[in-house]
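Chemist: Sequence first, then the predicted structure, then my questions.
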Amino acid sequence: MDKNLQIPGQYIIRFQTAPVVPAPFAHFYTLKMDIQSAQDLRVDFDIVYNDREELTEDEIFDEGFSTDDDYKWKGSLPAVWINEFQDILASSKIIRKREESEFEDFIEIELDENDKRVTIYPVDKERWSYFLQEMMQAIFETGGREKPFELTYIDIDNDSKTTIDLKASFGKKEFTLSKNAGAARKLDWGQLQKIMDTIYKAEFVPDNALESKPSKKGKYITAGDGLWYQIGVAVLETTSKSKDLAKIEALFNTLSK
């Protein structure tokens, strides 16, 4: 099929987590994209979390959710998301037959083809799931439901202090670094996932964290919850053989250069 993006064009993406995904994580959503021009993307988004009837409120809260996670939003997203959608659609292998697997997310895309509506199914579902996860973050951020990602790392030595601020806007798809409150420089967006994977592989222990900005010698991370986690005290190895903390320190040493 011709997978060039039609502008103007209307696309509907329907997503459902794999049947093996339990509540409270299980969800489905509909994402309607109305591309009016190369610079004008309007979306209508509706997500519903399902199969929660058997769970208590505490069980839902313990997994970091609330009892009010369903969300609807209509609005415009930055034009960068038109290009992102064009790229994944053009490079994706698709089939026209609905296939469901209990271990895979379900994704279908409805679009115009030869003056009629057709439904296609991407084969590379993991890639699409990741793309849609980022786009959903862009919607949450643009809609004001979530703030852009911010993380600060402070290394206090006897006679010096280094501060690194990382900021990522999913709405604009921009990732920046600022050292010691200097000018922000852009980082490659692909680095964001690697950096988060490195940092969050370790175990964060809120009970050991500080509530105010640290002044004593040490290396600390804060990321949106108001707490400062000292590496080795509130950021711990996941196993006796893991080297998560050394990797985090090496990462920030590299970033601070």
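Modeler: Now that the structure is in, tell me what you want to look at. This structure is a prediction, so every number in the text was calculated from the model and none was measured.
Chemist: going forward, measure contacts between C-alpha atoms and count neighbours the same way
Modeler: Will do.
Chemist: So what sits opposite the residue nearest to G224 when sequence neighbours are not counted in the bridge?
Modeler: Spatial nearest neighbour of G224, chain neighbours left out: E150 (6.5 Å); criterion: C-alpha to C-alpha, 6 or more residues apart in numbering. Each beta-bridge partner of E150 is listed here, defined by DSSP bridges: K167.
Chemist: So E150 versus R98, what's the distance?
Modeler: Counting by C-alpha to C-alpha, to the nearest Å, the separation of E150 from R98 is 39 Å.
Chemist: Correct me if wrong: T163 contacts Y153.
Modeler: Yes. Here T163 lies in contact with Y153, judged by C-alpha atoms under 8 Å, at a distance of 5.8 Å.
Chemist: Give the full set of residues in contact with P214.
Modeler: By C-alpha atoms under 8 Å, 6 or more residues apart in numbering, P214 lies in contact with Y220, W228.
Chemist: Doesn't it belong to a helix?
Modeler: No. Applying DSSP: H, G, I helix; E, B strand; the rest coil, one finds P214 to be coil, outside a helix.
Chemist: In a helix, N253, correct?
Modeler: Yes. Counting by three-state DSSP, N253 is part of a helix.
Chemist: Give me the neighbour count for it.
Modeler: 11 (other C-alpha atoms under 10 Å).
Chemist: okay, it: pLDDT?
Modeler: Here, the pLDDT recorded for N253 equals 93.
Chemist: what about K74, which SS state?
Modeler: Under the three-state scheme (three-state DSSP), the conformation of K74 reads as strand.
Chemist: Can you give me every residue that contacts it?
Modeler: Contacts of K74 by C-alpha under 8 Å, 6+ apart are R42, V43, D44, F45.
Chemist: which helices and strands does the strand or helix carrying the first one pack with?
Modeler: Here R42 sits within strand 40-49, counting by DSSP states H and E. If you count contacts as 3 or more C-alpha pairs under 8 Å, 6 or more residues apart in numbering; DSSP states H and E, strand 40-49 packs onto strand 27-37, strand 71-77.
Chemist: any idea which of those strands is most buried?
Modeler: Among the helices and strands packed on strand 40-49, the stretch with the highest mean neighbour count (mean count of other C-alpha atoms under 10 Å) is strand 27-37, at a mean of 19.
Chemist: pLDDT (mean, whole number) over stretch 18-38?
Modeler: The predicted model assigns stretch 18-38 a mean pLDDT of 96.
Chemist: hey, C-alpha coordinates of it in CSV?
Modeler: Only the C-alpha atoms of stretch 18-38 are listed here, as CSV (Å, rounded to 0.1, in the frame of the first residue of the first chain):
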residue,chain,number,x,y,z
ALA,A,18,-1.7,-8.0,25.8
PRO,A,19,-4.3,-10.3,27.6
VAL,A,20,-1.5,-11.6,29.9
VAL,A,21,-1.1,-8.0,31.3
PRO,A,22,-3.0,-7.9,34.7
ALA,A,23,-4.9,-5.1,36.3
PRO,A,24,-4.2,-2.4,37.3
PHE,A,25,-1.8,-2.1,34.3
ALA,A,26,-4.3,-3.5,31.7
HIS,A,27,-5.8,-0.7,29.5
PHE,A,28,-7.0,0.2,26.1
TYR,A,29,-7.2,3.4,24.2
THR,A,30,-8.3,5.1,21.0
LEU,A,31,-6.2,7.8,19.5
LYS,A,32,-7.8,9.8,16.7
MET,A,33,-5.3,11.9,14.6
ASP,A,34,-6.7,14.6,12.4
ILE,A,35,-3.7,15.9,10.3
GLN,A,36,-5.0,19.2,8.8
SER,A,37,-1.6,20.3,7.4
ALA,A,38,2.1,19.6,7.7
